[in-house]
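> 3D, please:
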Amino acid sequence: MSSGRVGSRGGRGSEGKVESQRGSEREGGMDRIFQNRREAGRLLAGTLQRYADREEVLVLGIPRGGVPVAYEVARALHAPLEVFVVRKVGMPGNPELAMGAVASGGIRIYNPMVLRQYAVAEKLLQAAMQKQEAEVRRRESLYGSDIAWEHGREGRSW
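Model (predicted):
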């Protein structure tokens, strides 16, 4: 299970400094500590070589920590890389409790259990979703993501 972080929770670290970078390499039941996320990406790419040079392959990187890993995978596989931004939609007053999520491409996911249990008003839910969608778009523009926003992907739940 990966628990590595770049920098600390309180601030942004540089890509070269990795705190508590622990990755898992399950060959032979051994855990492995990676030097950084780029090394982890290179090792992962080695296990995915059967997908190299395939036209249908697209590598998605989730900011922040997944992008350096995905970059190395995309480079090794000669595949395009896209940044896939995901944002949790938290409950008002308890932002850590997810009532849903939004992602690149106009994806919306709802947590029906939370929505029912807390009787979240539709107007409140939609306002929170729209706020996080705006943040997804802002971050996509920073990363230069080309993932198209398509409507009609609403209604998924977990």
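> how long is stretch 69-84 end to end?
Between the opening and closing residues of stretch 69-84 there is a gap of 13 Å (Cα to Cα, to the nearest Å).
> mind listing what's buried in it?
Applying a neighbour-count criterion of 16 or more other Cβ atoms under 10 Å, the buried positions in stretch 69-84 are 69-74, 76-77, 79, 81-84. Placement of C-beta: from N, CA and C, glycine included.
> list the contacts of residue 45.
When contacts are counted by Cβ atoms under 8 Å, 6 or more residues apart in numbering, residue 45 touches 72, 73, 75, 76, 77.
> please name the nearest non-neighbouring residue to it.
Nearest residue to residue 45 in three dimensions, chain neighbours excluded: residue 76, at 3.5 Å (Cβ to Cβ, 6 or more residues apart in numbering).
> returning to what we had before: any chance of the contacts of residue 45 in JSON lines, with pLDDT, distance to residue 60 and secondary structure too?
Written out in JSON lines, the entries for the contacts of residue 45 read as follows (pLDDT from 0 to 100; distance: Cβ to Cβ, whole Å; DSSP: H, G, I helix; E, B strand; the rest coil):
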{"residue": "72", "pLDDT": "96", "distance to residue 60": "14", "secondary structure": "helix"}
{"residue": "73", "pLDDT": "97", "distance to residue 60": "10", "secondary structure": "helix"}
{"residue": "75", "pLDDT": "96", "distance to residue 60": "14", "secondary structure": "helix"}
{"residue": "76", "pLDDT": "97", "distance to residue 60": "15", "secondary structure": "helix"}
{"residue": "77", "pLDDT": "97", "distance to residue 60": "13", "secondary structure": "helix"}
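> returning to what we had before: the residue nearest to residue 45 touches residue 43, doesn't it?
No - at 10.0 Å, residue 76 and residue 43 do not qualify as touching, with contact defined as Cβ atoms under 8 Å.
> what about the strands in this structure?
5-8, 11-12, 18-19, 23-24, 31-32, 59-61, 81-83, 86-91, 94-103, 107-110, 156-157 (DSSP state E).
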